[in-house]
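Visitor: 3D model of this:
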Amino acid sequence: MAERERRNPRLRGKVFVPKTQLLSADDVERAMKRMAHEIIERTESLDDLVVIGLQTGGVPFAAHLADVLLTVSGVDVQLGTLDVALYRDDNTLRPVLESAETAIDADLTDRVVLLVDDVLFTGRTVRAALNALGDWGRPRAVRLAVMVDRGHRELPIRPDFVGKNLPTSLDEAIDATLDGVWLGTLVSR
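Guide: Next comes the predicted model:
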């Protein structure tokens, strides 16, 4: 489960219990390399690309994706992090907790922004990220890369680059890291 899910007040007192490892670290690495090649093919100029990891689960994936892009293309893309907690539309349901760091050292105006997250679920985090990006300029395009798309969208949001589509039930949870992807459940402690 993503770090933001671990911090979710609605889930306090619950713990992720893995049932099955769906992807190994090698599988995740292969998916990252494939996504990097797709990004290169579909991006006119990597010099205009800014890779932004969504706090907290997307940050390690964004950093690794930037490294893979450098290895494959030879272009060192700009990298940033974005905390969307204050832009969420469900703050009344779950209060804003300790803020994670937003670090974007570039004006995003007329750039191609690649948002990166670990798991795409309802789409609300991505919607909040799109709102937050407006504080950093007006990108020419925004694209979305996720390691896992588990379905159950509540908003019309679709990723451009996906490591793995893993349809789940609402009772299941996903924990995606660079070390692998696990399917499990949330249980009370």
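Visitor: okay, CA-based contacts and neighbour counts for the rest of this
Guide: Fine.
Visitor: List the buried residues of stretch 77-95.
Guide: By neighbour count with 16 or more other C-alpha atoms under 10 Å, stretch 77-95 contains the buried residues V77, Q78, L79, G80, T81, L82, D83, V84, A85, Y87, R88.
Visitor: can you redo those as TSV with distance to V187?
Guide: Converted to TSV, the buried residues of stretch 77-95 look like this (distance: C-alpha to C-alpha, whole Å):
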residue	distance to V187
V77	40
Q78	39
L79	36
G80	34
T81	30
L82	29
D83	27
V84	27
A85	25
Y87	29
R88	25
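Visitor: Name the residue closest to the centre of this structure, please.
Guide: D117 (0.4 Å; C-alpha atoms, centre = their mean).
Visitor: show me what contacts that one?
Guide: G53, L54, G57, G58, V59, F61, A62, L144, A145, V146, M147 (C-alpha atoms under 8 Å, 6 or more residues apart in numbering).
Visitor: What strand or helix carries it?
Guide: In this assignment (DSSP states H and E), D117 forms part of strand 112-120.
Visitor: Can you give the strand pairings for the longest strand along the chain, parallel or anti for each?
Guide: In the chain, assigned by DSSP state E, the strand with the most residues is strand 14-24. In the sheet, strand 14-24 lines up against strand 180-188 (antiparallel) (DSSP bridges).
Visitor: contact partners of the strand it pairs with?
Guide: Residues contacting strand 180-188 (C-alpha under 8 Å, 6+ apart): 13-28, 171-176.
Visitor: May I have the secondary structure class of A129?
Guide: helix (DSSP: H, G, I helix; E, B strand; the rest coil).
Visitor: Spatially nearest residue to it (excluding sequence neighbours)?
Guide: V84 (5.6 Å; C-alpha to C-alpha, 6 or more residues apart in numbering).
Visitor: For A63, see how far away the one you found is.
Guide: Noted for V84: a distance of 18 Å to A63, by C-alpha to C-alpha, to the nearest Å.
Visitor: that older thread, how about the residue nearest to A129, what does it touch?
Guide: By C-alpha under 8 Å, 6+ apart, the residues touching V84 are L54, Q55, T125, A128, A129, A132.
Visitor: can you pull the pLDDT of it?
Guide: The score at V84 is 92. That number is its pLDDT.
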